[in-house]
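Engineer: Sequence first, then the predicted structure, then my questions.
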Amino acid sequence: MKITTILLSIFVAIALVGTALAVGPGKTVEYAGGDAGKVIFSGDTHGAKQGMKCNDCHPKTFGMKKGVFKMTKEGHGKAEFCGTCHDGKRAFSQSTEADCGKCHMKAAAEPATKPEVKPEAAAPEMKKEAAPAAVEEKK
């Protein structure tokens, strides 16, 4: 009886850890995305809204752990990884450069020149220098 309880507890713990890592409804996971910009994978978009379950993609198309697979730009046009569904039939295509922005998000470009902010304008109360505090030496 004790062994059955222990084994059942271990099984439940493993199952809970696996679901804790899942990207379910309301969750997202972010990938660096290289030069094209980061990709935010949404559990909402790829889950219930599409009628998909985790085992539709895992572990066959994608490993169960983040970082187990190496995705490259060259691999995007093939029927592997995202291209398994993003083939222009089941989901939007990823075959042209225009398709990249549907998943990849580039950071907002910084202005070419930053406006100069003078310290007085930023913090007028700091215009006057404070008198140095008296330092008392202890012997």
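Structural biologist: Cool, the structure landed. Numbers count the residues shown, from 1 in each chain.

Engineer: Relative to residue 57, how far out is residue 63?
Structural biologist: With the distance defined as CB to CB, to the nearest Å, residue 63 ends up 10 Å from residue 57. The way it works is simple: take the backbone N, C-alpha and C, and place the C-beta from them, glycine included.

Engineer: Between those two, which is the more surrounded one?
Structural biologist: Neighbour tally, residue 63 and residue 57, criterion other CB atoms under 10 Å: the higher count belongs to residue 57, 15 against 11.

Engineer: Need the per-residue pLDDT for that one.
Structural biologist: With respect to pLDDT, residue 57 has a value of 85.

Engineer: Give the full set of residues in contact with it.
Structural biologist: Under the criterion of CB atoms under 8 Å, 6 or more residues apart in numbering, the contact partners of residue 57 comprise 46, 84.

Engineer: shared neighbours of residue 63 and residue 57, which are they?
Structural biologist: Here residue 63 and residue 57 share no contacting residue, scored by CB under 8 Å, 6+ apart.

Engineer: Which residue, other than its chain neighbours, is closest to residue 44?
Structural biologist: Nearest-residue entry for residue 44: residue 25, 5.5 Å, with adjacent residues in sequence omitted and distances by CB to CB, 6 or more residues apart in numbering.

Engineer: now the one you found, what's its secondary structure?
Structural biologist: coil (DSSP: H, G, I helix; E, B strand; the rest coil).

Engineer: Next: residue 41.
Structural biologist: Once three-state DSSP is applied, residue 41 turns out strand.

Engineer: Many thanks, we can stop here.
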